[in-house]
Each structure stands twice: as structure tokens, then as C-alpha cells.
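Curious how this folds, go ahead:
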Amino acid sequence: MKILFVVKDIDFIDPVSIMLLSSLAKKNGHETYLGILNREEIIGKIDKVKPQIIAYSATTGEHKYYLAINKIIKSKFNDIFTIMGGAHATFYPECINEGTLDAICIGEGEEAFIELLEKRERGEDISSIRNIMTRSSPFNGIRDLLEDLDSLPFPDRELFYENTEMGQFPLKSFITSRGCPYTCTYCFNHSFKKLYEGKGKILRRHSVGYVIDEILQVKSKYPLGFIKFYDDIFVYKADEWLEEFVRRYKKDINLPFHCLTRADLIDEGTIRLLKSAGCVSVSMSIEAGNASFRNQVLKRNMSEEDIIRAFSLCRRYGIHTFSNSIVGLPFSKIENEIESLDLNIKCKVSFVEFPIFHPYPRTELGDFCIEKGIYKPQYELLHMFYMNKSPLSCFTEREKRIQRNFAQLAPLVVRFPFLRGIVLKYLIYLPNNKVVVLIYYFVKAYLVKTKIYPMRLGIRNLWKAFLKSLRLELFKHSGEQ
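Reported below is the predicted structural model:
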């Protein structure tokens, strides 16, 4: 069968989930193709490829583009089977009734997708496939989690690398594990655990050998100068897996990399190992400077001392840091945002973003907003990026304007603390404008390039990256017309 994977746009991060589905489909004798909404005339692409299945993977906010294009596709090609997976379908399965999709995939979909392809190819009923939901049949539940991640083939990176500029860009992303043991209230992990209760281990990891071999395969075919490990949490402790990874990575790969972890997991032994392997930057989110918001509202369960100690350790070993701190938490005040700013300054974070809180479906904090009457679930109105204005009704339009200016100017203040006074007294109260967005963009572009993902880029790649990132950043801050 021919499968057309449709994405809205191409970012800088490899869409590993789609690449993996493509790899599995090819392994089972199917053909896969890529369509990009922002770059191609999709109806023409469908006419050319003539796929039997069109598949999307969507986060909340992004989903509305796929529902919209799917309506057009089904009006012209009603015989094409269309399906959407990803976080939005998993945690808001009601979306099956909001458009013209034939089915959605709930949860991890590798095994379900292959079973779907086999049944569709044979003309069989798909209603019995676990993880697959249709409008016309009862849902048959969730299958067990796949625990042996090494049984999966390497992701089909050619699908994107040969059809977009991603193949020639030296930054590439890898995922070494699945699952997160924490229950931060703005995240879906607690709902994921409920969904898979009794269905297997939530935390699973590839062997070091699998990870190294995958990187070597990419390195042998494409330019590779910097690696981003995109696991929810790459490092929990200095265990045998990490020690083996450090030995083999230094010997076989020897490239700078970035990874994600938590401040309360970091100790000197872990940092020393990461540094010796080639780690040049880590992401550790602070989320809130106010202890009550951080620990009671967000359930981060870490002290200010934990946070300061972790960032200090990274500085001592010459590892740059990337942090997130959420703006616009329910019923927060500008004073609380300033507490987050000041904690980032105290930690001397290399680069920080201040995303504006969005109440995503089936998250604990999202449900809280609905219960308190400060958010009416209209997920089709959510921006697909969280640098846009708050959707919560507990804030006035003036407060939302201040939040947006704060989110865009605070990274500049963390980098140059002497600007704190003028920014907090005057600039955050200005009308929202593109000048502030451009200030944010250039600060971000410089710090990300020099501190977080430092890598050599030729003039051509640098120019392409500049144009692409600027376009994406302007869209993130736009009204999403």
C-alpha cells in the first residue's frame, strides 16, 4: 500500500515518531511518501502519489490544520483512508467526531499501525484493532506497551532527509528511551500512566549498542556535527547504562551533544560523565520561581537550593544550560513571573524561554482550569505554539499583553541583568509589536547557536537556518491567521 504522511511544516527537530512508522511500513512491504502543507499543494501531491492511506501525527493546536485539510481531501478523494495519531488524538479522542477522519490512533501506535495496514490491504474490518478508534465502532481498548525497544527498526530518516533540507543540516535528533516517571501537572504523563495502567513498564530504554549503531548509520550517510538527545529525561543517575554510553560514545561518535534532565537528578558524578562524553549543554526546566507554584501547582517537587546547585554544577564543568519557566499560570500575577526571572538570573542560565501556559487536554492543570471556569475547552482555538497569548479568562487583555511582552523580553534580561529595571518598569507595558518579537528572536538565535547547539555551519546552511527560524518564530508569535 502507499501511505502519505502529511506534516504542517519542517522544524529543526527530527519527527522521529513518523520516521519510525515509515520504517515499519517499508519493512512490511509498503511505500511511504511525505507531504508538507506549508510547502506543497497537497491535492496535487495526492493526485501524483495516489496513496491509499493518509496519516497525520498531531499535538494540540497543530491538529486543527490536519482536520481542515482532511475535510478538503475527503471531499475530493473519499476512498482514501485517513488517520491521525499523536498527543492530541491520544488525550482528546473526542476529535474523531470533529472532522472527517476515518480513524485515530490512541497511545503508542507502531504495532497498531502495521496491523491497520495489513487489514486495509486485505479489505478486512479494522474495528477490532486495539489502539485504533473509529466513529462507527466501539473502541477495543489499548494493547500492552512495547517493552523491547531494540526490536524496532531504525527510524526512516530518508523520508525527511531526502525530501527536505533536514538531511544537510548538521544538527540531528535521537531518542534513546520512552516514558517519564514524573507527574508535572502541565504535562500529559499522569494521563499516559492511567491509560497504560497494567499494560507494562512505562520507562523503557534502548540498549547502548542500538543507540550507537543508529547514530553511526546516520553519520555514514549524512552531515552530522551536533546531536540532540530528545528523551523526556536522558539522565536519571550515573548508572551502568550511562557509563557504557560514555565509553562507547567517546570512542565511536565523539560529537558534541545536548540532552534533557531535571535539576533534582543532577549530581557531580553524573555531570562529570556527561562532560567527558562530549555534552556541551543540558535542558533543566525551572518552570516557576515561586515555590508554591512550582511545587503545589505544578508538582515539580524541587527546592530552590536543588535548582541553584544543579545549575552551578553545570557551570563548574563548562556545560551550558537551557531552562523553561512558565508564564501565565492560573491566577498568577506579574510578581510571580518576576520571581521566575530572578531565579533564572540567580542560576546564571545560558538561555531561557518563558512559554505561556496552555491548558492541554487531559492534563491535570488543564482540567483544573476547566473546573475553575477559567477555560472553556475550545482546543481548535489554541495556538499550536505556546509563545502566544494566554487562553485563560482569569487574565484581562492588558495582563495578557504584559505576559507576552514579558515572555519575549525576559530572555534578554537573563542574559543582561542590568536591563531588568527598564524592561520591568517600562517595556513590558508597551503594546505588543514586532520589534519586541525581533528582539526575542535575535537573542534566542544568538544564544542557541553559541551556547546550546554550538556547531559549525557553512554560510549556506547558516543563511538557510536564519531564514527558516525567523519564519517559524514570526509564526509562533502571530495570530495564526
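
only C-alpha atoms for contact and neighbour calcs from this point on.
Will do.

Need the per-residue pLDDT for the closest residue to Lys199 other than its chain neighbours.
Counting by CA to CA, 6 or more residues apart in numbering, Lys199 lies nearest to Asp144, which is 4.5 Å off, once chain neighbours are set aside. The per-residue pLDDT reported for Asp144 equals 97.

Looks like Asp144 contacts Lys201 (just checking).
No - if you go by CA atoms under 8 Å, Asp144 and Lys201 don't touch, sitting 9.2 Å apart.

where along the stretch 201-350 of the chain do the helices fall?
Along the stretch 201-350 of the chain, counting by DSSP state H, counting those that start in this stretch, helices occupy 208-221, 240-252, 268-277, 291-292, 304-316, 334-347.

Format these as a markdown table; extra columns: distance to Met1, mean pLDDT and mean neighbour count.
What follows is the helices of the stretch 201-350 of the chain, written out as a markdown table (distance: least, CA to CA, whole Å; pLDDT from 0 to 100; neighbours: other CA atoms under 10 Å):
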| stretch | distance to Met1 | mean pLDDT | mean neighbour count |
| --- | --- | --- | --- |
| helix 208-221 | 27 | 98 | 15 |
| helix 240-252 | 38 | 97 | 15 |
| helix 268-277 | 43 | 96 | 18 |
| helix 291-292 | 54 | 97 | 15 |
| helix 304-316 | 50 | 97 | 18 |
| helix 334-347 | 51 | 98 | 20 |
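
Pipe those into JSON lines and attach distance to Gly29 per row.
Below are those laid out as JSON lines (distance: least, CA to CA, whole Å):
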{"stretch": "helix 208-221", "distance to Gly29": "22"}
{"stretch": "helix 240-252", "distance to Gly29": "32"}
{"stretch": "helix 268-277", "distance to Gly29": "39"}
{"stretch": "helix 291-292", "distance to Gly29": "54"}
{"stretch": "helix 304-316", "distance to Gly29": "47"}
{"stretch": "helix 334-347", "distance to Gly29": "51"}
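
Mind checking the ones you listed for the one nearest to Ile43?
For Ile43, the closest of the helices of the stretch 201-350 of the chain is helix 208-221, at 31.8 Å, according to CA to CA.

Please export the C-alpha coordinates of that closest one as CSV.
Extracted in CSV, the C-alpha atoms of helix 208-221 (Å, rounded to 0.1, in the frame of the first residue of the first chain):
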residue,chain,number,x,y,z
VAL,A,208,23.6,1.5,24.2
GLY,A,209,24.5,-0.7,21.2
TYR,A,210,21.3,0.2,19.5
VAL,A,211,21.8,3.9,20.1
ILE,A,212,25.4,3.9,18.9
ASP,A,213,24.6,1.9,15.8
GLU,A,214,21.7,4.2,14.9
ILE,A,215,23.9,7.3,15.2
LEU,A,216,26.7,5.6,13.1
GLN,A,217,24.2,4.8,10.4
VAL,A,218,23.1,8.4,10.2
LYS,A,219,26.7,9.7,10.4
SER,A,220,27.7,7.4,7.5
LYS,A,221,25.1,8.9,5.2
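
I'd like to know which elements it is packed against.
helix 240-252 (3 or more CA pairs under 8 Å, 6 or more residues apart in numbering; DSSP states H and E).

List the neighbours of the helix it packs on that are in contact with it.
For helix 240-252, the external contacting residues (CA atoms under 8 Å, 6 or more residues apart in numbering) are Ser207, Val208, Ile212, Leu216, Val235, Leu273, Leu274, Ser276, Ala277, Gly278.

and which of those is nearest Pro361?
Comparing the contacts of helix 240-252 against Pro361 with CA to CA places Val235 closest, at 27.8 Å.

Contacts only, for the residue lying closest to that closest one once chain neighbours are set aside.
For Val235, ignoring the flanking residues on the chain, the nearest one in space by CA to CA, 6+ apart is Thr261 at 5.7 Å. Each residue near Thr261 by CA under 8 Å, 6+ apart is listed here: Asp232, Ile233, Phe234, Val235, Tyr236, Val282, Ser283, Met284.

among the residues you listed, who's most crowded?
Highest neighbour count within these, by other CA atoms under 10 Å: Val282, with 27 neighbours.

Check the gap between that residue and Tyr236 for me.
13 Å (CA to CA, to the nearest Å).

Repeat that for Phe192.
20 Å.

And for His88?
28 Å.

what do you get for Met455?
26 Å.

same question, Leu203
11 Å.

With Ile459 instead?
From Ile459 over to Tyr236 (counting by CA to CA), the distance is 38 Å.

do the same with Phe174
Distance from Phe174 to Tyr236, by CA to CA: 17 Å.

cool, and Leu117?
Distance from Leu117 to Tyr236, by CA to CA: 37 Å.

repeat for Phe139
Taking CA to CA, one finds Phe139 at 36 Å from Tyr236.

And for Leu116?
From Leu116 over to Tyr236 (counting by CA to CA), the distance is 36 Å.

Based on its surroundings, how many neighbours for the residue nearest to Tyr440 when sequence neighbours are not counted?
Distance criterion CA to CA, 6+ apart; nearest residue to Tyr440, sequence neighbours excluded, is Gln408 at 5.1 Å. Using other CA under 10 Å, Gln408 has 26 neighbouring residues.

Double-check that Gln408 belongs to a helix.
Yes - counting by DSSP: H, G, I helix; E, B strand; the rest coil, Gln408 is part of a helix.

So it sits against Val436, correct?
Yes - between Gln408 and Val436 there is a contact under CA under 8 Å: 6.7 Å.

for the residue nearest to Asp231 when sequence neighbours are not counted, phi and psi?
Once flanking residues are discounted, Asp231 sits nearest to Ile175: 5.3 Å by CA to CA, 6+ apart. Backbone torsions of Ile175, given as degrees, to the nearest 10, read phi -120, psi 120.

which residues does Ile175 contact?
Val16, Phe229, Tyr230, Asp231.

quick one: low-confidence ranges for the stretch 351-481 of the chain?
480-481 (pLDDT under 70).

SS state for Met133?
Assignment for Met133 (three-state DSSP): strand.

Can you work out which other helices and strands pack against the helix or strand hosting Lys464?
Using DSSP states H and E, Lys464 sits within helix 459-476. If you count contacts as 3+ CA pairs under 8 Å, 6+ apart, helix 459-476 packs onto helix 434-447.

Export the helix it packs on to PDB, keeping only CA atoms.
The C-alpha coordinates for helix 434-447 follow below in PDB (Å, rounded to 0.1, in the frame of the first residue of the first chain):
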ATOM      1  CA  LYS A 434       7.100  43.100  16.100                       C
ATOM      2  CA  VAL A 435      10.100  45.000  17.400                       C
ATOM      3  CA  VAL A 436       9.800  43.100  20.700                       C
ATOM      4  CA  VAL A 437       9.400  39.800  18.800                       C
ATOM      5  CA  LEU A 438      12.500  40.500  16.700                       C
ATOM      6  CA  ILE A 439      14.500  41.300  19.900                       C
ATOM      7  CA  TYR A 440      13.400  38.000  21.300                       C
ATOM      8  CA  TYR A 441      14.300  36.200  18.100                       C
ATOM      9  CA  PHE A 442      17.800  37.600  17.800                       C
ATOM     10  CA  VAL A 443      18.600  37.000  21.400                       C
ATOM     11  CA  LYS A 444      17.400  33.400  21.000                       C
ATOM     12  CA  ALA A 445      19.100  32.800  17.700                       C
ATOM     13  CA  TYR A 446      22.500  34.000  19.100                       C
ATOM     14  CA  LEU A 447      22.300  32.100  22.400                       C
END
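
Done for today, thanks.
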